[in-house]
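Chemist: Below are the sequence and a predicted model; questions follow.
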Amino acid sequence: ASTQGLTSDVMAVLERAQQSRHTSTTKMNERSSRSHAIFAMTVEGRKGGEVVRGRLTLVDLAGSERINASTQGLTAAEATERKNEAKFI
């Protein structure tokens, strides 16, 4: 595949993922992600007669801001929900 075609394929996948993200407002961040994201890409090429592979992995953990600071000002139920979400990070 051409580099340009590959770039547009990658951008299409990232745009689709962006549309599926969930966000909410916290004390720490106006648009805090409530969704984890993992993007992994394997690249293969040839160096001489040898096949060379590399892997790039990008990880975005939802709600990784400091949980105690981000729950100030929330109701008790909202703070409990936020802390329960953080257990899975």
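Modeler: The structure has been received and is ready for your questions. Predicted, not measured: the structure shown is a model, and the values here were computed from it.
Chemist: On the three-state scheme, residue 53 is what?
Modeler: Assigned with DSSP: H, G, I helix; E, B strand; the rest coil, residue 53 falls in the strand class.
Chemist: brain fart, residue 35
Modeler: Per three-state DSSP, residue 35 ends up coil.
Chemist: Contacts only, for residue 20.
Modeler: Residues in contact with residue 20 (Cβ atoms under 8 Å, 6 or more residues apart in numbering) are residue 35. For the C-beta atoms, the positions are set from N, CA and C on the backbone; glycine is no exception.
Chemist: separation between residue 21 and residue 78?
Modeler: According to Cβ to Cβ, to the nearest Å, residue 21 and residue 78 sit 20 Å apart.
Chemist: actually residue 49, not the one I wrote
Modeler: 60 Å.
Chemist: next one: residue 51
Modeler: 52 Å.
Chemist: what do you get for residue 58?
Modeler: 30 Å.
Chemist: next one: residue 16
Modeler: Per Cβ to Cβ, residue 16 is found 30 Å from residue 78.
Chemist: Who has more neighbours out of those two?
Modeler: Higher neighbour count among residue 16 and residue 78: residue 78, with 12 against 9, using other Cβ atoms under 10 Å.
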